[in-house]
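# Fold the following and give me the result.
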Amino acid sequence: MTEAHTHGVEELCAEGLSLYARALREGQVPAEDAESTPCLVDLGLVHPDVEDPRRLRPVAPGSVLHRLLRRSAERVAEERRFEDRLESVFEPLMRIAGHGPGTEHVPTVEVLSGLDRIGSAITQAMAASSGEVLAIQPHITHTAYTAPEFHAEALARDQALLDRGGRLRTLYQHTLRHAPSVVARYERLRGNVAARTLDEIPNRLIVIDRAVAFLPANEDRTLALEVRHPSLVAFCATVFDRFWHLATPLYPEAGQQPSLNGITARQRAIAALLTEGHTDAVIADRLGMNIRTARVHIAKLAATLGSESRAQLGYLIGQSGILGRRE
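Just a heads-up that it's a prediction; the model follows:
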């Protein structure tokens, strides 16, 4: 008798897969050929022939796949139930530890992985808040952040905060002033809510009650830091406040950005980046616009200043004094 392969009861080895493929082609295989590959029977890929138990007949692959996927889903559900039981057991213990000697105000920085985990942590922190939430929301192209269900969930979360008497302040880029999702948001929210815009803002940031902050930990925002260290949270809140005072009101009272000698505030922001030597692509990315729009603004700026070349444009920007008089 051939020695059976050693592997998990729900693993299909290469020999077993080969024999199963043969059974599908030929309609049956001798039972003795499967003695070294018990995974075929364990996984239900074959069954004994009713008329001749010495032969094994294959089960349809679609049927096998459906059964194994259902079994996998049941295991996942059981793991989730186990997680819930663990949380139920440890929650009162954590409350006890939180009130023990030497555990007051323990500073923490936790890494959150995955959009669902990040969203859940933010939702939980906001659910416990009735104070103030500060948010910086740059232009985001990730499909998970632009999906309608994401906006609906965020809107419900924010409205619940406002209904509890909380306050919400949000910073956007100027390019989002007329974005349908932003406009619809402030048409629907009710309560103490305000929004302002800037040409350039830092990466996404959420500060809740000046006690916890959430900020991205990688480029595509699938990792985040949950910060509860008082000094770090205070720093994040201060950064927000500084940007807020420099920003232009969007809601509840939209402010008209001033024009200086025919040069708009947007063009002045572009001029500042041009003098730093940035390319059109970098300027577009920094200001949250597409490169074609950025080039249109650059062309208008050059025409206003009478520039005939990129090098001359930088010189004329410096001579015009528009950067020193930005409002």
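# Helix or strand for residue 249, just tell me which one.
strand 248-251 (DSSP states H and E).
# now that strand: mean pLDDT?
Taken as a whole, strand 248-251 carries a mean pLDDT of 86.
# likewise stretch 82-90?
The model assigns stretch 82-90 a mean pLDDT of 83.
# What are the contacting residues of the strand holding residue 249?
Strand 248-251 has contacts (Cβ atoms under 8 Å, 6 or more residues apart in numbering) with 172, 174, 177, 182, 186, 193-198, 255, 257, 265. Placement of C-beta: from N, CA and C, glycine included.
# Moving C-terminal from it, which element do we reach first?
Downstream of strand 248-251, the first helix or strand assigned by DSSP H and E is helix 265-275.
# Run the chain-centre distance for that next one.
Here the centre of helix 265-275 is set off from its chain's centre by 30 Å, with Cα atoms, centre = their mean, to the nearest Å.
# for residue 210, what are its contacts?
Applying Cβ under 8 Å, 6+ apart, one finds that residue 210 lies in contact with 131-132, 233-234, 237.
# would you list those in JSON lines and tack on neighbour count?
Putting the contacts of residue 210 into JSON lines (neighbours: other Cβ atoms under 10 Å) gives the following:
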{"residue": "131", "neighbour count": "14"}
{"residue": "132", "neighbour count": "16"}
{"residue": "233", "neighbour count": "19"}
{"residue": "234", "neighbour count": "14"}
{"residue": "237", "neighbour count": "18"}
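# In helices, which of those residues fall?
Of these, the ones assigned to helices by DSSP state H are 233-234, 237.
# from these, which is closest to residue 56?
Using Cβ to Cβ, residue 233 comes nearest to residue 56 of the ones in helices among the contacts of residue 210, at 64.5 Å.
# Check the spacing between the closest one and residue 284 real quick.
Noted for residue 233: a distance of 32 Å to residue 284, by Cβ to Cβ, to the nearest Å.
# Show me how the record splits the chain into domains.
For the chain, automatic domain parsing gives the domain ranges 14-59, 109-251, 265-320.
# how about those domains in CSV, adding distance to residue 65?
As requested, those are exported to CSV (distance: least, Cβ to Cβ, whole Å):
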stretch, distance to residue 65
domain 14-59, 10
domain 109-251, 26
domain 265-320, 44
